[in-house]
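Asker: sequence and computational prediction follow.
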Amino acid sequence: MTFPLAACAEMIWRDRPIDWRAARLKDMGFGVGLWNWPDHDIAALQRTGATFTIMNGYLQGRLADDEGADVLLASASETLQVGKRLGVQRLNLHGTGLGEGGIPIAQTQIVSGSMWLKARDTLQRLCDLAEAENVVFTLENLNPLDHPGCPFGSTADVLALVSSVNRPQLRINLDLYHTQIGEGDLIRWCEKCLPWIGEVQVADNPGRCEPGSGEINFHAIARALKTMGYTGPVGLESFASSDPEAALAAFRDAFTV
């Protein structure tokens, strides 16, 4: 069994145009993940015929306050139209907008009960939007070292929010690189999140490169995912430690079980 596999185009062949990267991933049998759409020529990406599996579903906004939620809804409404042009399968969210280097624009150290309630309400509004537009959003966990002060960034927080909303328009983007740094215990987190997973994303740690470059036993994770019945997509969101095609081959090997 090979899970449906994809790779983040921003992080590999970084000296090549983005449409070249998408076309090459398509030729190699991978789906394509993207980050922020204004950085790219959407028409050129369309012409590649690639399968676009995930991209950021907003450009700005926040989950847990009135003003930020309104901005997030407006940004998501604009972004999903671009996603529909590309046929993107999942539109990705975080607790707050991320700036240069992935640092949260609005850092939060203490998340109050009222913020939790507002975040859940915002996600319900996003699900209403997604249902009307026939799209799916995902909420991604982030680690506290690379993304300090991001509210609702932990795997536990993402699971709590998505499971409490419990609608098919909102899934978890379970990023195991972030889980490894933030919590560890990857297979158990896969089991806990399983009913709500929309995509599993991977990169080894330390270094955020392909499977086999660090400490994580991705063969064991792949076997566990198969045993627990997960058949959804796995996305490589990593840099290449050396040759990008060798990195993609290592990724494919790790998730062929």
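Answerer: Received the coordinates, thanks.

Asker: what about residue 254, how many neighbours?
Answerer: Using other C-beta atoms under 10 Å, residue 254 has 23 neighbouring residues. From N, CA and C alone the C-beta is placed, and that goes for glycine too.

Asker: for residue 71, same thing?
Answerer: Neighbouring residues of residue 71 were enumerated by other C-beta under 10 Å; the total is 17.

Asker: check contacts around it.
Answerer: Residues near residue 71 by C-beta atoms under 8 Å, 6 or more residues apart in numbering: 60-62.

Asker: try 6 Å this time
Answerer: Each residue near residue 71 by C-beta atoms under 6 Å, 6 or more residues apart in numbering is listed here: 60-61.

Asker: tell me the SS of it?
Answerer: Classification of residue 71 by DSSP: H, G, I helix; E, B strand; the rest coil places it in helix.

Asker: what sits opposite residue 173 in the beta ladder?
Answerer: With DSSP bridges applied, the residues forming beta bridges to residue 173 are residue 140, residue 199.

Asker: okay, and the closest residue to residue 17 other than its chain neighbours sits in which element?
Answerer: The shortest distance from residue 17 to any residue that is not its chain neighbour, by C-beta to C-beta, 6 or more residues apart in numbering, is 7.8 Å, and that residue is residue 44. Here residue 44 is covered by helix 42-48, with elements defined by DSSP states H and E.

Asker: strands of the stretch 1-150 of the chain, residue ranges please.
Answerer: Ranges of strands in the stretch 1-150 of the chain, per DSSP state E, counting those that start in this stretch, are 5-8, 31-33, 52-56, 90-93, 137-140.

Asker: can you pull out the helices in this protein?
Answerer: Secondary structure of the chain (DSSP state H): helices located at 18-27, 42-48, 66-86, 113-133, 155-165, 176-182, 186-193, 218-227, 244-254.

Asker: go through the ones you listed and name the closest to residue 96.
Answerer: When these are compared by C-beta to C-beta, helix 66-86 sits nearest residue 96, at 7.2 Å.
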